[in-house]
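1. Sequence plus the predicted model coming up.
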Amino acid sequence: MGSSSCAWERGGVGGSCSSGSSSASWSGGGLDKGEVERYARQLVLPSFGVARQRKLKEASVLVVGAGGLGSPVCLYLAAAGVGRIGVTDQDDVEKSNLHRQILHDEAEVGSHKAVSASKAMRRLNSGTEVEVHLDGFRAVNALGLVEGYDVVVDASDNPATRYCVNDACVIAGKPLVSGAAIGTDGQLSVYNHGDQCPCYRCVWPDPPQEGACQRCSDSGVLGVLPGIIGTLQALETIKVLTGAGECCSQKLLMFDGLATSFRSLKLRPRQEKCLVCGSSPAITRETIGSYDYEANCGGAMHDKGESACLRVLPESRRVSCEFLRSRIDGSAATDREFVVLDVRPKSEYDFAHLRGSVSLPMDALEEEVAAGAALAREGKDTYVVCRRGNDSQVAVDKLLRAGATSVFDVEGGLQRWSKAVDPTFPLY
Ligand SMILES: Nc1ncnc2c1ncn2[C@@H]1O[C@H](COP(=O)(O)OP(=O)(O)OP(=O)(O)O)[C@@H](O)[C@H]1O
């Protein structure tokens, strides 16, 4: 090869290669050598190429939630070369997150998820600028957060956040890549992307009642499921940012993990009556900050373990975990007979329960109440436990209404037991 000729040129944009010039002998279409080498396998794709890679480099994405869905979203977007990624979460990494939240590892248990996520992305790609928003997504910061990015990915797990993220995206005119995964199923759609494309609220105008929505912490999730849906969210985000292919907008993709099958539903276009993108919106730039999403859209935005506890019983019906321990070890100042009822599903009882406790899942307890058999334990003190101290209160309430007199809720449930009494009891 002659010394004056260009070694090679790609992309056609950027520096020239004239004979005798001191400038580089090549042009990478706006990418440097390291970037060309790093992204080579997608640069060679005719459907992608250098121009789209450059778009990714110039783009920014906000990821709401650094959990099961957010993990593959953050990792794949950083790996793909998105220029700036913001991640927001308010929660800490727990051991029970690790089977699916592959952003985090054992060393990060107890640390803030957004911080842990940022470390993982920086480890993966030092060329991606990572921004951390520690307070989570809320009505008061919604618009400010969303306006700082080109595309928003909803990787959260509760309806109040989903509606709030959607409304902010509509007001700020940002596409929203939304995913959900629970049990062995998942779904995905791109909202608010183009004139006719509906927003999340157009498709789901009626938020669920508080407590009506399933959560991974209660219903369980096969670890790989959010991996699949989150990876699809990353793919859709890349397509929205670069214009490659066709986005999953105006349709809802549904995945059945047990059958390994995908189905898609066509969605109705934007709705005139929609509260946020309709012709006379109630939620606007001026009102979003004070809109009460928790009251209007299905309950708490941030699931902070025990703080999410219900309070349906008077203090006199509640005992502490420490008191229950004193009954079990015989140090309490009473020798009345007692029984510990565990109202969690049998599957949970089977993997860990208090020695001597009796399994009576909520549906069996309801049958017992309906059959008038709820007083069978009268004469003994009955202490009711569940995982977090919510179902146990409901169970005690049902037993009291059925005429039982000596039943008590164990405050904070087995999570509190694990933290306050016996750290060897599995915390999940
Ligand atoms: N308003 C919000 N702002 C930021 N992050 C949120 C918000 N609401 C939920 N999240 C985060 O979204 C993530 C959802 O993750 P995931 O569904 O895997 O469940 P999890 O809450 O981490 O775990 P588990 O349900 O098992 O306790 C969580 O990290 C959660 O803290």
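-> Arrived safely, thanks for sending. Numbers count the residues shown, from 1 in each chain.

2. so where do the helices sit in the stretch 1-150 of the chain?
-> 33-38, 40-43, 49-58, 70-80, 113-124, 139-147 (DSSP state H, counting those that start in this stretch).

3. and residue 428, which of those is closest to it?
-> Proximity to residue 428 (C-beta to C-beta) singles out helix 113-124 among the helices of the stretch 1-150 of the chain, at 17.0 Å. (C-beta placed from N, C-alpha, C; glycine too.)

4. most tightly surrounded among the helices of the stretch 1-150 of the chain?
-> Most buried of the helices of the stretch 1-150 of the chain, by mean neighbour count (mean count of other C-beta atoms under 10 Å): helix 70-80, with a mean of 25.

5. Show me what it is in contact with.
-> Here helix 70-80 makes contact (C-beta atoms under 8 Å, 6 or more residues apart in numbering) with 39, 42, 56, 61, 63-64, 66, 85, 87, 89, 100-104, 117, 120-121, 124-125, 128, 130, 153, 155, 226-227, 230-231, 233-235, 237-238.

6. by how many degrees do that helix and helix 49-58 diverge?
-> Orientation of helix 70-80 against helix 49-58 (axes from the mean of the first three to the mean of the last three C-alpha atoms, to 10 degrees) gives an angle of 120 degrees.

7. so helix 70-80 versus helix 113-124, what angle?
-> Using the same axes, to 10 degrees: helix 70-80 against helix 113-124 is 30 degrees.

8. could you give the mean pLDDT of helix 70-80?
-> On average, the pLDDT along helix 70-80 is 98.

9. Could you check how far the closest residue to the ligand within the stretch 251-400 of the chain is from residue 271?
-> In the stretch 251-400 of the chain, the residue that lies nearest the ligand is residue 301 (4.4 Å; C-beta to the nearest ligand atom). According to C-beta to C-beta, to the nearest Å, residue 301 and residue 271 sit 24 Å apart.

10. In terms of packing, which of the two has more residues around it?
-> residue 301 (21 against 16; other C-beta atoms under 10 Å).

11. The more buried one: what's it in contact with?
-> 136-138, 158, 160-161, 164, 293-294.

12. Next, format those residues as a markdown table and append distance to the ligand.
-> Output for the contacts of residue 301, formatted as a markdown table (distance: C-beta to the nearest ligand atom, whole Å):
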| residue | distance to the ligand |
| --- | --- |
| 136 | 3 |
| 137 | 4 |
| 138 | 6 |
| 158 | 5 |
| 160 | 7 |
| 161 | 4 |
| 164 | 7 |
| 293 | 9 |
| 294 | 10 |
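
13. Chain neighbours aside, what residue packs nearest to the residue in the stretch 51-200 of the chain positioned nearest to the ligand?
-> Nearest residue of the stretch 51-200 of the chain to the ligand (C-beta to the nearest ligand atom) works out as residue 67 at 2.0 Å. Nearest residue to residue 67 in three dimensions, chain neighbours excluded: residue 101, at 5.4 Å (C-beta to C-beta, 6 or more residues apart in numbering).

14. isn't that neighbour right up against residue 89?
-> No: Residue 101 lies out of contact with residue 89 (C-beta atoms under 8 Å); the separation is 10.3 Å.

15. list the residues that contact both of the two?
-> With C-beta under 8 Å, 6+ apart as the test, residue 101 and residue 89 both reach 66-67, 70, 113.

16. Would you state the strands of the stretch 101-250 of the chain in chain order?
-> Along the stretch 101-250 of the chain, counting by DSSP state E, counting those that start in this stretch, strands occupy 129-133, 151-154, 176-182, 185-191.

17. what would those strands look like in CSV with mean neighbour count, mean pLDDT and distance to the ligand?
-> CSV is the format used below for those (neighbours: other C-beta atoms under 10 Å; pLDDT from 0 to 100; distance: least, C-beta to the nearest ligand atom, whole Å):
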stretch, mean neighbour count, mean pLDDT, distance to the ligand
strand 129-133, 18, 97, 8
strand 151-154, 27, 98, 9
strand 176-182, 27, 96, 8
strand 185-191, 24, 97, 11
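
18. JSON lines please, covering these and showing distance to residue 80.
-> As requested, the strands of the stretch 101-250 of the chain are exported to JSON lines (distance: least, C-beta to C-beta, whole Å):
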{"stretch": "strand 129-133", "distance to residue 80": "14"}
{"stretch": "strand 151-154", "distance to residue 80": "13"}
{"stretch": "strand 176-182", "distance to residue 80": "14"}
{"stretch": "strand 185-191", "distance to residue 80": "17"}
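
19. about what we covered before: which of the contacts of helix 70-80 are buried?
-> Buried by 16 or more other C-beta atoms under 10 Å: 39, 42, 56, 61, 63-64, 66, 85, 87, 89, 100-104, 117, 120-121, 124-125, 128, 130, 153, 155, 226-227, 230-231, 233-235, 237-238, out of the contacts of helix 70-80.

20. CA atoms only: put the longest helix along the chain into PDB for me.
-> Identified as the longest helix of the chain according to DSSP state H is helix 224-242. Presented in PDB, the C-alpha positions along helix 224-242 are these (Å, rounded to 0.1, in the frame of the first residue of the first chain):
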ATOM      1  CA  VAL A 224     -34.800 -15.400  33.800                       C
ATOM      2  CA  LEU A 225     -38.200 -13.900  33.000                       C
ATOM      3  CA  PRO A 226     -37.400 -10.200  33.700                       C
ATOM      4  CA  GLY A 227     -34.100 -11.000  31.900                       C
ATOM      5  CA  ILE A 228     -36.000 -11.800  28.700                       C
ATOM      6  CA  ILE A 229     -38.400  -8.800  28.900                       C
ATOM      7  CA  GLY A 230     -35.700  -6.400  30.000                       C
ATOM      8  CA  THR A 231     -33.500  -7.500  27.100                       C
ATOM      9  CA  LEU A 232     -36.400  -6.800  24.700                       C
ATOM     10  CA  GLN A 233     -36.800  -3.400  26.400                       C
ATOM     11  CA  ALA A 234     -33.200  -2.700  25.600                       C
ATOM     12  CA  LEU A 235     -33.700  -3.800  22.000                       C
ATOM     13  CA  GLU A 236     -36.800  -1.500  21.600                       C
ATOM     14  CA  THR A 237     -34.900   1.400  23.200                       C
ATOM     15  CA  ILE A 238     -32.000   1.000  20.700                       C
ATOM     16  CA  LYS A 239     -34.600   0.900  17.800                       C
ATOM     17  CA  VAL A 240     -36.400   4.000  19.100                       C
ATOM     18  CA  LEU A 241     -33.000   5.900  19.400                       C
ATOM     19  CA  THR A 242     -31.600   4.900  16.100                       C
END
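
21. how far off helix 70-80 does it point, in degrees?
-> Using the same axes, to 10 degrees: helix 224-242 against helix 70-80 is 40 degrees.

22. what's helix 224-242 packed up against?
-> Judged by 3 or more C-beta pairs under 8 Å, 6 or more residues apart in numbering; DSSP states H and E, helix 224-242 is in contact with helix 49-58, helix 70-80, strand 151-154, strand 176-182, strand 185-191, strand 251-256.
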